[in-house]
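Trainee: predicted model follows, preceded by the sequence.
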Amino acid sequence: MLIDKKMLARFLLTVGLVGGIGYYALSHLAPLPLSITKIEPLQEQEVEPVVAPVTPPQRDFFVEHRLERARERSERIELLREIVSNLNSSVEARGKAQMELISISSLQESELQVERLIVGKGFGDAVVFFGKGMAEAIVKAESLTQVEALGVADVIRTVAGVRLQNIRVRFRK
C-alpha cells in the first residue's frame, strides 16, 4: 500500500486542527451582528438621536493570512483527493498525489508548531510560510531586534530544517 498509516493519521489530525482553527476564527473573532430588541415609537417632544457612522471592524492580519492559507490549501487537497480517487488516473499519478497529501500534512504540522513556538517566545502572534527550501515568518510586534529575529529564525531552522540564510523574519504591528 502506498500510504503510511501514521502519516495518514497525522494528516487527518492536521486537517482537523486547521479546520478547528478556521471555525474558531470565524465564530469567535468575527464581529457580532447588531440587533434591535425593541422599537419604541417616538414621542412628539422627543428628538431623533444622532446615529454615529459605522466603521468596518479592523481585520486581523494574522488571522486573515491563516484563513487564506487554509483556504488555498483546502482547494489543493481537494484536487489531490480527486486524483487519488479517480480510477482513470495512472498508478504513478495517484502515488504522487498521495505523497503530496502527506507532504502538505507535514508542512501544516510544521507551520503550526513553529507559530506556537514563536508566540511562546513572547510575540503577540505569528504566521509562517514555507516554500521550497525557504521560510518567511511575520511576527506581531512593535519592533524587532536582530537578536529576536535570530531567535525566530532558529525556531524555524530547528523545527523545519530550513537553512538560516533562507529564512526571512519580519514584524507587523
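Mentor: Structure's in. What do you need? Values in this document were obtained by computation on a predicted structure and should not be read as measured data. Residues are numbered from 1 along each chain as shown.
Trainee: now do Leu79 against Ala93, distance only.
Mentor: Taking Cβ to Cβ, to the nearest Å as the criterion, Leu79 is separated from Ala93 by 12 Å. Using the backbone N, CA and C atoms, a C-beta is placed for each residue, glycine as well.
Trainee: my error: substitute Asp60 in the last question.
Mentor: 39 Å.
Trainee: what of Ala141?
Mentor: 44 Å.
Trainee: do the same with Glu115
Mentor: 33 Å.
Trainee: so those two - more neighbours on which side?
Mentor: A direct count of neighbours by other Cβ atoms under 10 Å for Glu115 and Ala93 places Glu115 higher, at 20 against 13.
Trainee: average model confidence for the strand or helix carrying the more buried one?
Mentor: Secondary-structure element containing Glu115, defined by DSSP states H and E: helix 91-120. Across helix 91-120, pLDDT averages out at 92.
Trainee: ok and the very next helix or strand once past it relative to helix 91-120, angle-wise?
Mentor: The C-terminal neighbour of helix 91-120 among helices and strands, as given by DSSP H and E, is strand 126-130. Between the direction of strand 126-130 and that of helix 91-120, the angle (axes from the mean of the first three to the mean of the last three Cα atoms, to 10 degrees) works out to 150 degrees.
Trainee: for the following helix or strand past strand 126-130, which outside residues touch it?
Mentor: Toward the C-terminal end, the helix or strand that comes next after strand 126-130 (DSSP H and E) is strand 135-140. Applying Cβ atoms under 8 Å, 6 or more residues apart in numbering, the external contacts of strand 135-140 come out as 61-62, 65, 114, 118, 123-129, 148, 152-153, 156, 160, 162, 166-173.
Trainee: what are the buried residues along the helix or strand just after strand 135-140?
Mentor: Read in the C-terminal direction, the helix or strand following strand 135-140 is helix 146-160, with elements assigned using DSSP H and E. By 16 or more other Cβ atoms under 10 Å, the buried positions in helix 146-160 come out as 148-149, 151-153, 155-157, 159-160.
Trainee: that'll do, ta.
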